[in-house]
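Enquirer: have a look at this fold, sequence not included:
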């Protein structure tokens, strides 16, 4: 979907980039191309001293252009400033020193419960999901946990999750349609992407939306879009779409 | 003291060397020149695949000639085969995979109690000793704990220790006069060095000696003495005497 | 004590019912040749342990070698999709899926490396994983009285780790990301190294400070060039897209048997080559 | 955020009453210039933590900077004898001597690096250390019912580590034995690096894989050539026999004040030099 020269993957990347501040320590896991590009964008724009951490352990890789099929491969280490492996990223988060963690999940409900584990009974599931990876320890300990999803539908945003892999301490959820903020134990609709509408969000969300006023996510600037082209020439940010 | 061309430091080194077997993992700590030389002697004589571990972390240093003033300095790492730091040596022992540990101590009693901590009350001691270093965790976990002391007197081998830094699971204690073996909860006199006598051991031991028969420690062979000259030309084995 | 063995001999050390931990992460430096040999030898009731697995776990689940999987994440990467054999195994009840946060696998292995029965974990304090799994328990910290989660230690009987270089003593160097490989080499009772190349001791000696696994911790060494394929091996080869894509589509055990058969020549190449000095 | 500071500024970050952990081991790569500056700034009631200390602990005990010492071993090496100031401090009751097995210090720091309140320890299961110290407790393993010893976590407020090379971001490389330095850099709330030399980032970049402490963990950097002396610093200098021997003989605080004074020129050399590129 293309509006005024940018796509949904662009606005998701840009709005995530704008959530990141200078000097923050920020981690993304496997299959996390969009946040990876957003981090690199933030570093290029307003957060040069952001610390980029990842599974292969490459601190601040100078380029992400080669991290093609994976975001856990060695490419992120080859051009890095230092080696800081996953084990230690977890320890860092436990110590309260990980500022931002990017995490996934399959189901979310209005109370901030996250499911990445199973549909149905845990011990004999109808569907066994890949698992929450680090979520169950990173969401409770990272200062800001950002969930991103490229799917926004009623199977993803549900009344009640089938299983609570973890809960609480979410900060933002970014979807192709909008941004949710987790506040006082509930997901609040923070802003709707200009590429979507309140109605579309409503129709694709399985719980009653909570919001005070309708706000729209800032559109990507021309500078952001130009920078994206430079740092992500192979369009990894759209890989999941 | 010189008897038939060897000194007490030589017989102590040689009898310790003979306690070590091929393929064993063996650790010595700081200020442990005599065991360090004994390990090197064993490797040169009958245990080529003995694994030499130490505080600086040098696995199987090819030479110990430079480990002059210290046995925790970097010299043991410079010529080593790999790096395996102290932390990991401890973990190895916890896993039951450290075959031999060399440890010190200031007081020992017939029941195998070891004191390296204090004389007098623990919280307000008459004498604060250096501390047991790794003893309190290594003596219980190493397969064979060997204590060596260059002093054998009634202040060292006492009726009852002032404080039990650790106890039990000793294997051998080697002194300038004799070797004790720890067996069925008691220190047994295993052998007397030919440089000493039963009387001398008795007169310098603060507890009643336990033994079945009087045996004498094997004298160093000419080959052992010649090898010692080669591997320990600066006579580090005598540094504590 | 000769440590260098054939792939068959080394994998033969694994007993049915063993707890086995693999090095690497998802599609990177997994010891795939050894995994294939496990399937060929038809090992049974293995308990697999890994923070994040992909084809290694999926293949053994497909071939009915697996009793349980302790992992934080089991899936291929974005491009290849889900680990369907693992999923079906768990869904049918044939395989017990013990879900961890990746970090609790790490902590359970740290417990093994220190030989303690559990490891306290800060982060895991909410949600159903805590409730549904008997390997987590919340206790009172005796020092502060506050609640703290413990994860039960997992001691792998065998760890299999694929490396780029190793000498005949087992001194091994991993280039690029090490993932949890150093930890599992310390946690397991027996360490099997598969290596792209067995190099002379004199060459390893030039890089003493870079040795990740000292030889005295290693039980067996197997030379297997391309031993991580179709997973990637840093500085050696990328993910073999064709092989992974082909495997993903297979649903029957017969198809997979053919797939394993087709790898035999490659997997047994190292022993025919002998030592490459 | 400029991390490079003068020795005075960096040491000024330490508060009276802080828990402080030093890198190095006995007379090797201890951050002695920083230790001397702590004494000059007359810090009080410090809680020192180290597996095996020597002059670092002894000097601060002599100058009445110390409230307690958690260590496995405090003594000089064979040649120099005992740490008499530490001993006298403990014997007089001025200083609390918390004896550990070196490994229980390591475990207490591992607890800090994982932010858990305790660490289970396999080996410590007999003797009076267990009885006399409230930082050890024996509990029942909830999984097996067997007894297991826990050591209470120690979180250093500040770690001071002396290294051979570090860039302006704090990326630091230790040559030779690392002792527990990497662990304390992860355990402490604040890490101060003193370095023989501040090197350009481009030079550190050549050795990325050898970085022991990544810069983002480092709070402050001080350039102090000979900053470990009279302890040794691998590849740079040996133990300064004359200085250690002289110190060992000193008994009065005045003598030691002169000793500290005599080091001032050397200790403040780095900041006068500026960056050596």
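Expert: Ah, there it is. Note that the coordinates shown come from a computational prediction; the quantities given were computed from them, not determined experimentally. Numbers count the residues shown, from 1 in each chain, chains lettered A, B, ... in the order given.
Enquirer: any stretches of chain C with poor pLDDT?
Expert: For chain C, the stretches with pLDDT under 70 are C:1, C:274-277.
Enquirer: residue in it nearest to chain A?
Expert: Taking Cβ to the nearest Cβ as the measure, the point where chain C comes nearest chain A is residue C:123, at 3.0 Å. No exception for glycine: its C-beta is placed from N, CA and C like everyone else's.
Enquirer: burial count for that residue?
Expert: One way to gauge burial is a neighbour count; for residue C:123, by other Cβ atoms under 10 Å in any protein chain shown, it gives 26.
Enquirer: what about the closest residue to it other than its chain neighbours, which SS state?
Expert: The shortest distance from residue C:123 to any residue that is not its chain neighbour, by Cβ to Cβ, 6 or more residues apart in numbering or on different chains, is 3.0 Å, and that residue is residue A:137. The three-state assignment at residue A:137 reads helix, by DSSP: H, G, I helix; E, B strand; the rest coil.
Enquirer: and the one 10 residues further on, by the same measure?
Expert: When states are read from three-state DSSP, the local structure at residue A:147 comes out as strand.
Enquirer: test my guess that it contacts residue A:172.
Expert: Yes - Residue A:147 is within contact range of residue A:172, at 7.2 Å (criterion: Cβ atoms under 8 Å).
Enquirer: pick out whichever of these two has more residues nearby.
Expert: For residue A:147 and residue A:172, the more surrounded residue by other Cβ under 10 Å is residue A:147, and the numbers stand at 22 against 19.
Enquirer: how much space separates the residue lying closest to the more buried one once chain neighbours are set aside from chain D?
Expert: Closest residue to residue A:147 apart from its sequence neighbours, by Cβ to Cβ, 6+ apart: residue A:173 at 4.4 Å. Counting by Cβ to the nearest Cβ, to the nearest Å, the separation of residue A:173 from chain D is 26 Å.
Enquirer: could you count how many residues lie near residue A:233?
Expert: Residue crowding around residue A:233 was assessed by other Cβ under 10 Å; the count is 9.
Enquirer: so which helix or strand takes in the residue of chain C closest to chain A?
Expert: With elements delineated by DSSP states H and E, residue C:123 resides in a region that no helix or strand encompasses.
Enquirer: contacting residues for residue 16?
Expert: Using chain A here. The neighbours of residue A:16, taking Cβ atoms under 8 Å, 6 or more residues apart in numbering or on different chains as the test, are A:34, A:35, A:38, A:146, A:148, A:174.
Enquirer: switch to chain C, please.
Expert: For residue C:16, the set of contacting residues under the criterion of Cβ under 8 Å, 6+ apart consists of C:43, C:44, C:45, C:46.
Enquirer: in TSV, list the residues you listed along with neighbour count, secondary structure and distance to chain A.
Expert: Compiled in TSV, the contacts of residue C:16 are given as follows (neighbours: other Cβ atoms under 10 Å in any protein chain shown; DSSP: H, G, I helix; E, B strand; the rest coil; distance: Cβ to the nearest Cβ, whole Å):
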residue	neighbour count	secondary structure	distance to chain A
C:43	22	coil	22
C:44	14	coil	21
C:45	13	coil	18
C:46	23	strand	18
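Enquirer: just put those in JSON lines and tack on distance to residue D:183.
Expert: Conversion of these to JSON lines gives the following (distance: Cβ to Cβ, whole Å):
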{"residue": "C:43", "distance to residue D:183": "38"}
{"residue": "C:44", "distance to residue D:183": "41"}
{"residue": "C:45", "distance to residue D:183": "38"}
{"residue": "C:46", "distance to residue D:183": "34"}
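Enquirer: hmm, who's touching stretch C:106-116?
Expert: Around stretch C:106-116, the neighbours that count as contacts under Cβ under 8 Å, 6+ apart are A:86-87, A:90, B:91, B:94-96, C:21, C:49, C:51, C:70, C:100, C:117-121, C:135, C:151-156, C:180, C:183-184, C:186-188, D:107, D:114, D:120-122, D:148.
Enquirer: tell me if I'm right that residue C:165 and residue C:194 touch.
Expert: No - counting by Cβ under 8 Å, residue C:165 does not reach residue C:194; the two are 11.8 Å apart.
Enquirer: give the rounded mean pLDDT of the helix or strand harbouring the residue nearest to residue A:147.
Expert: Under DSSP H and E, the secondary-structure element containing residue A:173 is strand A:170-174. In this model, strand A:170-174 carries a mean pLDDT of 97.
Enquirer: endpoints of stretch C:52-68, how far apart?
Expert: 14 Å (Cα to Cα, to the nearest Å).
Enquirer: what about that stretch and chain A, touching?
Expert: Yes - when contact is scored as Cβ under 8 Å from any Cβ of the partner chain, part of stretch C:52-68 falls within range of chain A: residue C:52.
Enquirer: just the buried residues of that stretch, please?
Expert: Of the residues in stretch C:52-68, C:52-68 count as buried by neighbour count, 16 or more other Cβ atoms under 10 Å in any protein chain shown.
Enquirer: okay, now the unreliable bits of chain A?
Expert: Within chain A, the ranges that satisfy pLDDT under 70 run A:1-4, A:67-73.
Enquirer: spatially central, which residue of it would that be?
Expert: If you average the C-alpha coordinates of chain A and look for the closest C-alpha using Cα atoms, centre = their mean, you land on residue A:148, 3.2 Å from that point.
Enquirer: list the contacts for that one?
Expert: Residues in contact with residue A:148, defined by Cβ under 8 Å, 6+ apart, are A:12, A:16, A:34, A:35, A:102, A:104, A:173, A:174, A:175.
Enquirer: so the second one, which of the three states?
Expert: Yep, that's residue A:16 we're talking about. The three-state label for residue A:16, taken from three-state DSSP, comes out as helix.
Enquirer: how much space between it and residue A:167?
Expert: Computed with Cβ to Cβ, to the nearest Å, the distance linking residue A:16 and residue A:167 is 22 Å.
Enquirer: I'd like the next helix or strand past the single longest helix found in chain A.
Expert: Residue-count comparison of every helix in chain A, with assignments taken from DSSP state H, identifies helix A:33-45 as the longest. Of the helices and strands lying after helix A:33-45 in sequence (DSSP H and E), the nearest is strand A:51-54.
Enquirer: does any part of stretch A:85-99 sit near chain B?
Expert: No - for a cut-off given as Cβ under 8 Å from any Cβ, stretch A:85-99 has no contacts with chain B; the smallest distance is 14.5 Å.
Enquirer: and the contacts of that stretch?
Expert: Taking contacts as Cβ under 8 Å, 6+ apart, the residues outside stretch A:85-99 that touch it are A:21, A:24-27, A:53, A:55-57, A:101, A:134, A:137-138, A:141-144, C:25, C:51, C:102-103, C:106, C:121-123, C:177-180, C:183, D:112-116, D:186.
Enquirer: in that stretch, what counts as buried?
Expert: Those buried within stretch A:85-99 under the rule 16+ other Cβ under 10 Å are A:85-95, A:97-99.
Enquirer: now swap in stretch C:260-275 and tell me
Expert: Neighbour-count burial for stretch C:260-275 [16+ other Cβ under 10 Å]: C:260, C:263, C:267, C:268, C:269, C:270, C:271.
Enquirer: show me where the chain has helices.
Expert: Defaulting to chain A. Under the criterion DSSP H, chain A carries helices at the ranges A:8-17, A:33-45, A:75-78, A:86-94, A:135-141, A:198-203, A:222-231.
Enquirer: wait, chain C was what I had in mind.
Expert: Using DSSP H, helices in chain C cover C:7-11, C:32-40, C:55-62, C:84-92, C:102-113, C:129-132, C:181-187, C:201-205, C:241-249, C:253-267, C:269-273.
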